[in-house]
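Trainee: Sharing a sequence plus its predicted fold:
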Amino acid sequence: MTRLAIIHTGGTIASKPVASGGVAPQASPLDLIQALPELGNYTLTVLQPYQLPSPHITPQHMHTLRNLVLELAGHHDGIVVTHGTDTLEETAFYLHLTLREEVSVALTGSMRHALEPSWDGPGNLWGAAVAATHPLSRGRGPLVVFGGDVFDARTVTKTHSTALDSFGGYPGPIGRVDSNGQEPELHYFNKPERMQAFDPPHANAHVEILYTYAGWKGEGVSEALERSDGLVIAAMGTGNVPAEVLPLVAHSQKPVVIATRTHAGPVLPVYGYPGGFRTLLDAGCIPASFLSAHKARILLIVLLSLGYSREKMMEAFRKVVA
Ligand SMILES: NC(=O)C[C@H](N)C(=O)O
C-alpha cells in the first residue's frame, strides 16, 4: 500500500468552536482522518508536532517542520502537511527553499471548520494526499493543493479571506486533481522552476517588513533597521518608494530587500527619480525579483542564517526566478 505521512499543524482544518467564543484549532487529527474514508487506501503515519492557528506560526516552526519532513521522506511515498491558510504560503515557501525537489510534500488546509455545513477539510486533504503520493508529482517540489487546484510553493498566495477557492497567484495553478467519480485524476500543465535547496542551521534571523503608502516619509525605517537583522520593504509598482525613504536605507549595513506591494510582477530598475528603484539599487538595496514581501522575508531569513554576503544574497534573489 502507498505510504502516506500526514503532519497536522493546526489552522481552521483542525478548528472547532471554543467556550470563550469563536473557533480555534483544538480538534483531534483523528476527526479529520475519520471524515475521509479514502485514507483507508494508504498506510498512514500521523503526526502533530504543534497545533496552532497559522498567525502563530513562526520561522522556527517552519524549520522544525522541514526537519520532520526530511526525516519522514526516506520511508514514505508522500507527505501531506495540514496548515492554517493565513501563513500557509510562507511555510510552503520555506519548504521550497530548504528541501530537494524529489521530496513529495503537499500542503493544504480549509476555509471552513468541521462543524460548518460546507467543511472543505476532507476534500482538500484528499486532493493533497493524491498529489503528494502520485508519481507525476515527483520532482515538482512542495505543492499547495486547494479546491482541486495544485500550485507550486513559490508562486502561490492566498487571494481571498473567506472564499473556498482562496488560493491563486501569478501565473496560476500548475495542475489539477479531480475525481472521475470512482478514482482520482491528476493532471499537470507545468513543472515549476527549481533552485538550489538551502540547508539552513536554524531560522532565527529577525527580519521585518515595512509597507509603503502615498505620503510615507519613512517612519519606522531606522527603528526597524536598528532592531532587526534585515528589512524588506513592500514598495510601490516596480520597486519605488517616496524620496524621503532613499537616504534612510541607502548603504545600510544590514540588508534591505525591495519587493513590490502589487500582487504580481517583478521589481525592475526603471525609474531614476529619488526613491525610484534604480536609485535604491545604486544605494545597495537587494531586488526581491518576483517574490512578495512576505516570501522575500522568508528567503532573507534563510540567507542570513547561512551568513551570506550581500553579493551572495543578490545572486540568490536573482536565481529565485531562473
Ligand atoms: N482558514 C484558516 O486556516 C485561517 C486561520 N486563521 C489560520 O490560518 O489558522
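Mentor: Good, I have the coordinates.

Trainee: what's in contact with stretch 42-58?
Mentor: Residues outside stretch 42-58 that contact it (CB atoms under 8 Å, 6 or more residues apart in numbering): 1-11, 14-15, 24-26, 29-30, 33, 61, 64-65, 68, 72, 76, 83-88, 90-91, 109, 129, 133, 203. From N, CA and C alone the C-beta is placed, and that goes for glycine too.

Trainee: what residues does the protein put near the ligand?
Mentor: Residues of the chain lying close to the ligand (CB under 6 Å from any ligand atom) are 11-12, 53-54, 84-86, 109, 111.

Trainee: Now the buried members of the contacts of stretch 42-58.
Mentor: 4-11, 14-15, 24-25, 29, 33, 61, 65, 68, 72, 76, 83-88, 90-91, 109, 129, 133, 203 (16 or more other CB atoms under 10 Å).

Trainee: Roughly how far does the residue in the chain positioned nearest to the ligand sit from Val156?
Mentor: Taking CB to the nearest ligand atom, the ligand has its nearest neighbour within the chain at Gly84, 2.2 Å off. Distance, Gly84 to Val156, using CB to CB, to the nearest Å: 15 Å.

Trainee: next one: the top helix by length along the chain to chain centre, how far?
Mentor: Assignment by DSSP state H gives helix 59-73 as the longest helix of the chain. With CA atoms, centre = their mean, to the nearest Å as the basis, helix 59-73 stands 14 Å off its chain's centre.

Trainee: Which secondary structure elements does it sit against?
Mentor: Secondary-structure packing of helix 59-73 (3 or more CB pairs under 8 Å, 6 or more residues apart in numbering; DSSP states H and E): strand 2-8, strand 42-47, strand 78-82, helix 88-98, helix 293-305.

Trainee: pretty sure Tyr211 is touching Ala234, no?
Mentor: Yes: using CB atoms under 8 Å, Tyr211 is in contact with Ala234, at 4.6 Å.

Trainee: who has more neighbours, those two?
Mentor: Neighbour tally, Tyr211 and Ala234, criterion other CB atoms under 10 Å: the higher count belongs to Ala234, 23 against 13.

Trainee: Can you verify the more buried one is assigned to a helix?
Mentor: No: counting by DSSP: H, G, I helix; E, B strand; the rest coil, Ala234 falls outside a helix, being strand.

Trainee: who does it bridge with?
Mentor: Beta-bridge partners of Ala234, counted by DSSP bridges, are Tyr211, Ala259.

Trainee: tell me the contacts of it?
Mentor: Per CB under 8 Å, 6+ apart, neighbours of Ala234: 209-212, 259-261, 292-293.

Trainee: Could you dump the residues you listed into JSON lines and include pLDDT?
Mentor: Formatted as JSON lines, the contacts of Ala234 follow (pLDDT from 0 to 100):
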{"residue": "Ile209", "pLDDT": "99"}
{"residue": "Leu210", "pLDDT": "98"}
{"residue": "Tyr211", "pLDDT": "98"}
{"residue": "Thr212", "pLDDT": "98"}
{"residue": "Ala259", "pLDDT": "98"}
{"residue": "Thr260", "pLDDT": "98"}
{"residue": "Arg261", "pLDDT": "98"}
{"residue": "Ser292", "pLDDT": "98"}
{"residue": "Ala293", "pLDDT": "98"}
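
Trainee: which of those residues count as buried?
Mentor: Neighbour-count burial (16+ other CB under 10 Å) applied to these gives 209-210, 212, 259-260, 292-293.

Trainee: Distance of Gly139 relative to Ala153?
Mentor: 14 Å.

Trainee: Which one's more surrounded, these two?
Mentor: With neighbours defined as other CB under 10 Å, Gly139 and Ala153 compare such that Ala153 has more, 26 against 14.

Trainee: Hmm, Ala92 and the more buried one touching each other?
Mentor: Yes: with contact defined as CB under 8 Å, Ala153 counts as touching Ala92 (3.8 Å).

Trainee: you'd agree the residue of the chain closest to the ligand is in a strand?
Mentor: No: per three-state DSSP, Gly84 lies outside any strand segment and is coil.

Trainee: what's the offset of stretch 310-322 from the middle of its chain?
Mentor: For stretch 310-322, the distance to the chain centre is 18 Å (CA atoms, centre = their mean).

Trainee: Dump that stretch to PDB, restricted to CA.
Mentor: Backbone C-alpha positions of stretch 310-322 (Å, rounded to 0.1, in the frame of the first residue of the first chain) are rendered in PDB as follows:
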ATOM      1  CA  ARG A 310      25.300  41.000   0.300                       C
ATOM      2  CA  GLU A 311      26.700  39.800  -3.100                       C
ATOM      3  CA  LYS A 312      25.700  36.200  -2.500                       C
ATOM      4  CA  MET A 313      22.200  37.400  -1.300                       C
ATOM      5  CA  MET A 314      21.800  39.400  -4.600                       C
ATOM      6  CA  GLU A 315      22.700  36.300  -6.500                       C
ATOM      7  CA  ALA A 316      20.300  34.100  -4.500                       C
ATOM      8  CA  PHE A 317      17.400  36.600  -5.000                       C
ATOM      9  CA  ARG A 318      18.200  36.700  -8.800                       C
ATOM     10  CA  LYS A 319      18.000  32.900  -9.000                       C
ATOM     11  CA  VAL A 320      14.600  32.700  -7.300                       C
ATOM     12  CA  VAL A 321      13.100  33.000 -10.800                       C
ATOM     13  CA  ALA A 322      15.600  31.300 -13.100                       C
END
